[in-house]
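Colleague: Okay, sequence plus prediction incoming.
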2 protein chains.
Amino acid sequence: MATPSKSAPRVVIVGAGFGGLNAARSLARDKVQITIVDRKNHHTFQPLLYQVATAALSPGEIAEPIRSVFRSNSNVITLLEEVQGFDLDQRLVHTGEQDIPYDYLVVAAGATHAYFGHDEWKLFAPGLKTIEDALEIRRRVLLTFELAERQTVMGVSDEPLNFVVVGAGPTGVELAGTLAEITRHVLVHEFRNIDPSRARIILLEGGPRVLPAYPDDLSRSAEEQLRRLGVEVRTSTMVTSIEAGAVRIGETRIVAPVILWAAGVAASALGKALGVPVDRAGRVLVNADLSIPGHPEVFVVGDLAALKDENGKMVPGVAPVAIQEGKFVAKTIRRDLARKPRENFHYWDKGSLATIGRAAAIAQFGKIHISGFIAWLSWLFVHIFFLIGFQNRLLVFIQWAWSYFTYERGARLITGDTTLPGWSGMKPMSPGVSKPDDDKVPAGTAR
Amino acid sequence: MATPSKSAPRVVIVGAGFGGLNAARSLARDKVQITIVDRKNHHTFQPLLYQVATAALSPGEIAEPIRSVFRSNSNVITLLEEVQGFDLDQRLVHTGEQDIPYDYLVVAAGATHAYFGHDEWKLFAPGLKTIEDALEIRRRVLLTFELAERQTVMGVSDEPLNFVVVGAGPTGVELAGTLAEITRHVLVHEFRNIDPSRARIILLEGGPRVLPAYPDDLSRSAEEQLRRLGVEVRTSTMVTSIEAGAVRIGETRIVAPVILWAAGVAASALGKALGVPVDRAGRVLVNADLSIPGHPEVFVVGDLAALKDENGKMVPGVAPVAIQEGKFVAKTIRRDLARKPRENFHYWDKGSLATIGRAAAIAQFGKIHISGFIAWLSWLFVHIFFLIGFQNRLLVFIQWAWSYFTYERGARLITGDTTLPGWSGMKPMSPGVSKPDDDKVPAGTAR
C-alpha cells in the first residue's frame, strides 16, 4: 500500500482522455490534491472525431476544456504540459520544464497510430486521434472535390476521385460509410463539372472481415450495409506501401487523392517509460488492480493498459473500458486512504455499438445482435448521452437532426493550406495562399 | 454598354464576401452563367469573426461553403482559385492555372490588414479578417493563460497578463470588450495559481476617441462602457513599434503576450491590378454606377470600391454597403441585358450598430442614438438575422443564450502549436508537440 504524505495526498493524472478524466472526476470530491497533465487543453470525445473529419460537427462540439470540466473543483490543477518520463523511486513526473511530485500516479496516456514501422506513410495517409487530425482529414476530403472541379473546368484530364480507407475497425468503417454518404447525398448537387457520387470509396482490410471484434453475423451485416451505402469493401487485402496519392497492394496500385489510416494503434511511448514489462503493442502489463508491478501507487488505465478478463481474453481498447478503469482507480485510491483492502478490476460489458452511416449500424448487447436503423438510433442516443456538457449535447443533437432531414453538413470548411500531397495534373496554388496568418484577399498583381 | 456574347452572358465574380455573394445571389435566377472565384471555399460572416477569436462560436457557425449557398442554382460555378490579375481588353481573369473569360466582371476582393509599411509586425500582432486569423487569435489568447498558470506552478516569475489591442474601430472595440468579459467572468474560476481577472486589457487608439466613425456622444458612451467592462482605453496614443511580446509607444514599452491588430485596412492588391485610378488606400475610384472608367462591363463593389455619396462623404467600408452594392450591380447587369438605361448607386443608410461586450453596445438610427442593453439586443437580432443559413442562426442563438446565462464559452479549444512569440521566462514546449499531423500521445522516453 502506498503511504500518502501528511497533507492531502497528491494524485497526478497523465492524460485527460476517458480514463484520466474519469479518474479525476471520481476523485475530485475527495480530500486529495489532483494535478492533471495533458498536452492538449481539451478532452476530446474520440468516438465522434470521425464526424469532425467528415464535416458534420465542429471541433468545439465534441471537445471540452479540461479545466472547464473541473471549474468547481478547487483541488484540481490542470497543466498544459508534455510529460517526458517518470522517476518511480523519487515519485516524480518529468516534463520538459519541471518535476511534478506525486503520492499516486495514474498514467492514462492512451494510444496513437501505428504504421507498422512505416512512419513515412503518415504524411500520405493521416490517422484520426486528435482534433487536429480530424481537421486535416476534413481539409483533404473537401479539397479533393474542389481541386477536381477546378481541374475539370480547365479541361485537364481527370484525377480519379478515389478515397481509400485502410483498416476496417470501427473508425475505418465509420469513415468509409460517412464518405459514401457525403459523396452520394451531400455534395452531389453542388458541383457542375464533376459528379461526386461517382467517387469511389474503397475500404481495405487485411483480415477476412470488417469489424473483426464483433461476432460473424454482425460483421457480415456491417459489410452488407457498407456495400449498400456504396463502399467497395476489400477484405484479406494487405497494403504493401503508401506513397503520395497512391496505395500499393502487391502489384496493384490504387491512385487516390485521399488515403486515410485506420489500421493500427500502438500504445503511447510513456508505457515503456515506466520501465515495467509491456506487451508487443507497448501496453503495460498491469496487475489485477491496474497498478504496475512493484509500485502499488502507480496505475495505468485505458488504451495504455494490457489486461485480461476472467476468461483470459484481452479487455478491448474502447471508451467504456477506459471509463470504468478510471473510476475503479479512483475508488482504489479512496479505499487505500480509508485503509480498506484493494479489490480487482472487472470490466462490465454493457454491449457495444458501431455506426456505419446514415441509418446504418450494428449493436451487440450480450446475445442480442441488432443491425440497421434501430442499432443506429441506439448509437445516436448513447453518444449524445455520454458527450460532456449539456451545451455540446444540444448542439450535436441539432446538427444531427438537421443533417438527417436536409442531407447537409454543418462544418464544411477548408482552412489552412490548399494543396494535397501527390495531387497530379496541376500545380499547387501559389505558396502561402491560405496560411493561418495570411490575409483574406489575394495579393495579386497585373501581368 | 457591354455587348454580351450570343449564349448566356458570362458573369465572373471575384470574391465571395458580402459584395460578391449578394451580386451572385441576385443574379442567380437570371439567364446568365455565373462563375464565382474565391481562394476560400466559404463565405465568412466577418462581423462575427471576433466571436470565433474569443472562443464564443465555432468557425462552422459563421461560415458557409460558397457552393452550398448556390446548391440549387445550376448556372453558378464555384471555383476555389486565386486570382492573379486581369486582361480587360481580352476580357479575361488570370488565375495561376487558367484564364477565365467574362462578359461582365465583378471585382469584390475586399480589404486586408495594413501595418502602415511595417509588415514585420504581422507575426507579433495578428489581425482579424479570416477564419484562420480568428483561430490564431483564439490560440494565442487561451494559450497565454495556460502558459501563465504553468509558469506560476513552477515558481518562475510572472509574465504580465497584458492584452493589447491596437486600433479602436469596431473590431478593436469588440475584441477588447470581449477579452475583458472573458477574463472577468469566464476564466476567473478555472485557474488555481493565476487570477485571470487581473489581466489588463489595453486598447490603444491613435485618434482622439474610440469608434471615430460614430457621433461624439456615442463614442463617449462606448468608451464609458469599455471602462466599465475593465478595459484601459488610451486614445491619442500612437504605436511606434511592435516586437515579439511588446508594444512601444515612444519611450514606453508595454510587455504583452498577446497583441492584436485592428488599426488599419488596405484594399486588395487586385484593385491596382485593374489598371485604373485608385485612392491612397488602394481602393478603385468607381463611377456612379460602380463600373470602372472606360470599362462599363467591369464593376468593383465592397471594401475595394471608393465611392462618395451625394454629400461628398466617402461611403463607409461596412457590410451593408457591400450588400447593397452587390445587389445594385446585379440589377445593373439585368437592366443592360434588357437594354434599359443604367442608374446610379445610392447607399441607403439603415443605421449602424457596434457591440462592445456583454449587454454593452451603441446604435445609431438616423438621429436616434442608443447605448447599452437595448443597443446590444438590437445588435444580436440584426446579426442573427443576416447570418447565412437557418442552421447557423439556430446554433448561434443557442450559443449566445447559453453564454449569456452561464458565462461559459462554447469553443475554447487550443489547436495547433503551443508556443507564443516573445513569451519569456520559459522554454517553449518541445517542437512538434501539437502539429496538425501529430499524435495524441506524447512520445516521451525515460531518461
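Modeller: Great, that's in hand. Numbering: from 1, shown residues only, chains lettered A, B, ... in the order given.
Colleague: I'd like to know how many residues surround A:Ser352.
Modeller: Neighbours of A:Ser352 under the rule other CB atoms under 10 Å in any protein chain shown: 18. Every residue, glycine included, has its C-beta placed from N, CA and C.
Colleague: Isn't it up against A:Ala319?
Modeller: No - using CB atoms under 8 Å, A:Ser352 is not in contact with A:Ala319; the gap is 10.0 Å.
Colleague: Secondary structure element for the nearest residue to A:Phe385 once chain neighbours are set aside, which one?
Modeller: In space, and not counting its chain neighbours, A:Phe385 is closest to A:Arg393: 7.8 Å by CB to CB, 6 or more residues apart in numbering or on different chains. When elements are assigned from DSSP states H and E, A:Arg393 belongs to helix A:390-406.
Colleague: one step back: would you confirm that the residue nearest to A:Phe385 contacts A:Ile384?
Modeller: Yes - judged on CB under 8 Å, A:Arg393 makes contact with A:Ile384 at a distance of 5.3 Å.
Colleague: Give me the pLDDT value at the residue lying closest to A:Ser291 once chain neighbours are set aside.
Modeller: Of all residues not flanking A:Ser291 in the chain, A:Phe299 sits nearest, at 5.3 Å (CB to CB, 6+ apart). Note for A:Phe299: predicted pLDDT of 98.
Colleague: what does A:Arg248 give?
Modeller: For A:Arg248, the model assigns a pLDDT of 97.
Colleague: what does A:Lys427 give?
Modeller: 39.
Colleague: swap in A:Ile13?
Modeller: pLDDT for A:Ile13: 98.
Colleague: With the one 3 residues further on instead?
Modeller: Per-residue confidence (pLDDT) for A:Ala16: 97.
Colleague: On the three-state scheme, it is what?
Modeller: Following DSSP: H, G, I helix; E, B strand; the rest coil, the label given to A:Ala16 is coil.
Colleague: give me the number of residues near it?
Modeller: By the measure other CB under 10 Å, the count of residues near A:Ala16 is 29.
Colleague: ok, it to A:Gln33 distance?
Modeller: To A:Gln33, A:Ala16 is 17 Å away according to CB to CB, to the nearest Å.
Colleague: A:Ile202 reaches A:Val164, doesn't it?
Modeller: Yes - taking CB under 8 Å as the definition, A:Ile202 is a contact partner of A:Val164 at 4.9 Å.
Colleague: So between these two, which is more surrounded?
Modeller: More neighbours surround A:Val164 than the other of A:Ile202 and A:Val164, with 26 against 20 (other CB under 10 Å).
Colleague: Surely the more buried one is in a strand?
Modeller: Yes - applying three-state DSSP, one finds A:Val164 inside a strand.
Colleague: Backbone dihedrals for the closest residue to it other than its chain neighbours, both of them.
Modeller: Nearest residue to A:Val164 in three dimensions, chain neighbours excluded: A:Ala256, at 4.3 Å (CB to CB, 6+ apart). Phi and psi for A:Ala256, reported as degrees, to the nearest 10, are phi -150, psi 120.
Colleague: Do a quick rundown of the helices in the stretch 101-250 of chain A.
Modeller: For the stretch 101-250 of chain A, the helices defined by DSSP state H, counting those that start in this stretch cover A:131-154, A:170-181, A:216-229.
Colleague: Nearest to B:Phe373, out of those?
Modeller: For B:Phe373, the closest of the helices of the stretch 101-250 of chain A is helix A:131-154, at 36.0 Å, according to CB to CB.
Colleague: so what does that closest one touch, helix or strand wise?
Modeller: For helix A:131-154, the packing partners by 3 or more CB pairs under 8 Å, 6 or more residues apart in numbering or on different chains; DSSP states H and E come out as helix A:49-53, helix A:59-62, strand A:258-261, strand B:76-80.
Colleague: average pLDDT across the first one?
Modeller: Looking back up the chat, that one is helix A:49-53. Averaging pLDDT along helix A:49-53 gives 95.
Colleague: does chain B sit close to that helix?
Modeller: No - Helix A:49-53 does not reach chain B (CB under 8 Å from any CB of the partner chain); its nearest approach is 9.6 Å.
Colleague: Tell me which residues are up against that helix.
Modeller: A:57-59, A:62, A:128-131, A:133-135, A:137-138, A:141, A:171, A:174-175, A:178, A:411 (CB atoms under 8 Å, 6 or more residues apart in numbering or on different chains).
Colleague: First-to-last residue distance for stretch A:144-162?
Modeller: 9 Å (CA to CA, to the nearest Å).
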